[in-house]
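[1] Below is the sequence, then the predicted model.
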Amino acid sequence: MIITQTKIADLLIIQPKVFEDDRGYFFESFNNSKLKELGINIDFVQDNQSLSQKGVLRGLHFQNPPFAQGKLVRVIKGAVLDVVVDIRKKSATYGQHFDIELSETNKTALWIPPGFAHGFSTLMDDTIFFYKCTNYYNKASEDCILWNDSDLNINWGNQKFKLSEKDKDGKLFKNFESKF
């Protein structure tokens, strides 16, 4: 397992060692002791999974404290453009975003600590997205930043997206008051 720090502090790319042969493949998708070696103590309490067709965009979502969630995300089938925005007020990278393609082919995972808004767009039909969470979902604490806010300048690619009403009504970043 190779763990790489991104340009945004605490946001980690996790690439497993994959063992492949004519029967298929095997890999370790999570190893708590490897993260503990980096000083990251995680207690996952909830797993989530979604199925989406190509062109679905979900995000940019987060839960406010005290129900903030850290997430370990990966794609089981298909591919996504995964995007996170740093919403930690005291962070040197506050308001900056990071994106990465996660797919069934690259088997890469992303560790997203609390204090980030998260979203993804699907690049293939029947994409299965999986995430482990460090806190339980709490509807009253959920929030959403507008996915296409020009202040964030996220390049989602040139396609028409299928969005939920919640995602269409996300907050503009300049009007957003972070609780992190």
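    Right, received. Where do you want to start? No experiment lies behind these values; they were computed from the predicted model shown.
[2] Residue 87 is in contact with residue 116, correct?
    Yes - using Cβ atoms under 8 Å, residue 116 is in contact with residue 87, at 6.3 Å. Where you see a C-beta, it was placed from the backbone N, CA and C, and this is true even at glycine.
[3] Common neighbours of these two, please.
    Residues touching both residue 116 and residue 87 (Cβ atoms under 8 Å, 6 or more residues apart in numbering) are residue 62.
[4] higher neighbour count, these two?
    When residue 116 and residue 87 are compared for neighbours, residue 116 comes out ahead with 27 against 23, by other Cβ atoms under 10 Å.
[5] list the contacts for the residue lying closest to that one once chain neighbours are set aside?
    Spatially, and ignoring its direct neighbours in sequence, residue 116 is nearest to residue 84 (4.5 Å; Cβ to Cβ, 6 or more residues apart in numbering). By Cβ under 8 Å, 6+ apart, the contact set of residue 84 is 8, 11, 97-99, 110, 112, 116-119.
[6] gap between the residue lying farthest from the centre of the chain and residue 2?
    Within the chain, residue 22 marks the point farthest from the mean C-alpha position, 31.9 Å out by Cα atoms, centre = their mean. The gap separating residue 22 from residue 2 is 25 Å, by Cβ to Cβ, to the nearest Å.
[7] Beta-bridge partners for residue 79, please?
    For residue 79, the beta-bridge partners under DSSP bridges are residue 103.
[8] same thing with residue 58?
    Counting by DSSP bridges, the residues bridging with residue 58 are residue 120.
[9] who's in contact with the nearest residue to residue 99 once chain neighbours are set aside?
    Nearest residue to residue 99, sequence neighbours excluded (Cβ to Cβ, 6+ apart): residue 83, at 4.6 Å. Contacts for residue 83 (Cβ under 8 Å, 6+ apart) come out as 59-60, 97-99, 118-121, 154, 156.
[10] One more: residue 142?
    61-64.
[11] Neighbour-wise, give me the winner out of those residues.
    residue 62 (27 neighbours).
[12] Please name the bridge partners of that one.
    Taking DSSP bridges as the rule, residue 62 bridges to residue 143.
[13] tell me the contacts of it?
    68-69, 87, 116-118, 142-145.
[14] buried subset of those?
    68-69, 87, 116-118, 143-145 (16 or more other Cβ atoms under 10 Å).
[15] Tell me where the protein has helices.
    32-36, 165-168 (DSSP state H).
[16] closest to residue 174 out of these?
    Closest approach to residue 174 among the helices of the chain is made by helix 165-168 (18.0 Å; Cβ to Cβ).
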